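S.K.: What follows is a predicted structure for the sequence shown.
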Amino acid sequence: MTLGREVRAYIALIAITLAIFVFEKIGVSITGSHALDADAWHVLGHSVPFAIGLWAFLIRQSQKNPTTMERLTSVCNIMFLAWVAYWAGTKGIERLFNPVHIPAGALLFFAIVGLFGNVLQLYFVHHTKHAHEEAHTYWGQVWHIVADLLTSVAVVGAGILILWKGWILADAIASFIVAFMVGILVLLQTKNLYGSLTHSKPSRF
């Protein structure tokens with residue numbers, strides 16, 4: 001795999017991530033959905049490991065060792081995701097006790113487009129698999145996207161329930177699902193980073 005292909009894959013990942021975040025935040029301003037907002041912030045969390053992954057790859061190409069930077073980045077990423085999980089959970093509780101009407105059609109539109117963006121991310125992240133010696137760097141990126149795919153499905157499901165049954169509490173439930181999935185992601189990435197630090201075999205799906 002050439003240097004150009006790796007770099008192009010990372011640039012595409014960063015561009016798609018930022019585009020999804022902006023698009024979903026526009027959706028939040030229109031729909032008022034907490035679940036979509038939580039998913040948007042989760043998506044933004046992708047940009048950090050992708051940007052640092054690109055930086056680390058370029059450093060490695062110059063015959064330097066970016067291992068410490070990659071590990072530090074994993075720690076920062078874990079902290080950010082832990083905040084997203086906490087924020088999504090507390091917002092879900094708030095929406096559970098103070099439900100509001102959400103335009104289901106608009107929510108479905110923004111959630112489905114976000115889901116399509118996640119599929120594109122999975123396609124491009126495959127081309128970064130051999131860019132790093134630290135396995136937790138690559139698998140952290142994959143876990144981000146897979147978790148976001150599942151949370152996007154939850155938001156789509158909330159939109160369907162609101163549209164079909166008028167169940168406005170679905171937005172709160174979807175927020176809890178986002179919080180749960182991000183929490184699982186935090187645990188997986190923490191375990192994988194610990195394995196890297198102790199030189200044990202990194203975990204995979």
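M.R.: Thanks, I have the structure now.

S.K.: Pass me the low-pLDDT residue ranges in the protein, would you?
M.R.: Applying pLDDT under 70 to the chain picks out residues 1-3, 60-70, 127-140, 196, 199-205.

S.K.: mind running it again at 80?
M.R.: 1-6, 45-50, 52-74, 76-77, 125-148, 189, 192-205 (pLDDT under 80).

S.K.: Helices of that one, start to end?
M.R.: Here the chain has its helices, by DSSP state H, at 3-31, 34-61, 67-97, 104-125, 135-165, 170-197.

S.K.: is it possible to export the ones you listed to a markdown table including mean neighbour count?
M.R.: Every residue, glycine included, has its C-beta placed from N, CA and C. Formatted as a markdown table, the helices of the chain follow (neighbours: other CB atoms under 10 Å):
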| stretch | mean neighbour count |
| --- | --- |
| helix 3-31 | 18 |
| helix 34-61 | 23 |
| helix 67-97 | 17 |
| helix 104-125 | 19 |
| helix 135-165 | 22 |
| helix 170-197 | 21 |
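
S.K.: Please name the residues that touch A85.
M.R.: A85 makes contact with A179, F180, V182, G183, V186, according to CB atoms under 8 Å, 6 or more residues apart in numbering.

S.K.: Can you give me every residue that contacts the second one?
M.R.: Under the criterion of CB under 8 Å, 6+ apart, the contact partners of F180 comprise A85.

S.K.: Can you get me the start-to-end distance on stretch 165-172?
M.R.: 15 Å (CA to CA, to the nearest Å).

S.K.: contacts for that stretch?
M.R.: 33-35, 92-93, 95-96, 99-102, 107, 157-159, 161-162.

S.K.: Now I102: phi and psi?
M.R.: phi -130, psi 130 (degrees, to the nearest 10).

S.K.: go on, H101?
M.R.: phi -70, psi 140.

S.K.: What sits closest to it if chain neighbours are left out?
M.R.: Leaving aside its chain neighbours, H101 sits nearest to I168 (6.3 Å; criterion: CB to CB, 6 or more residues apart in numbering).
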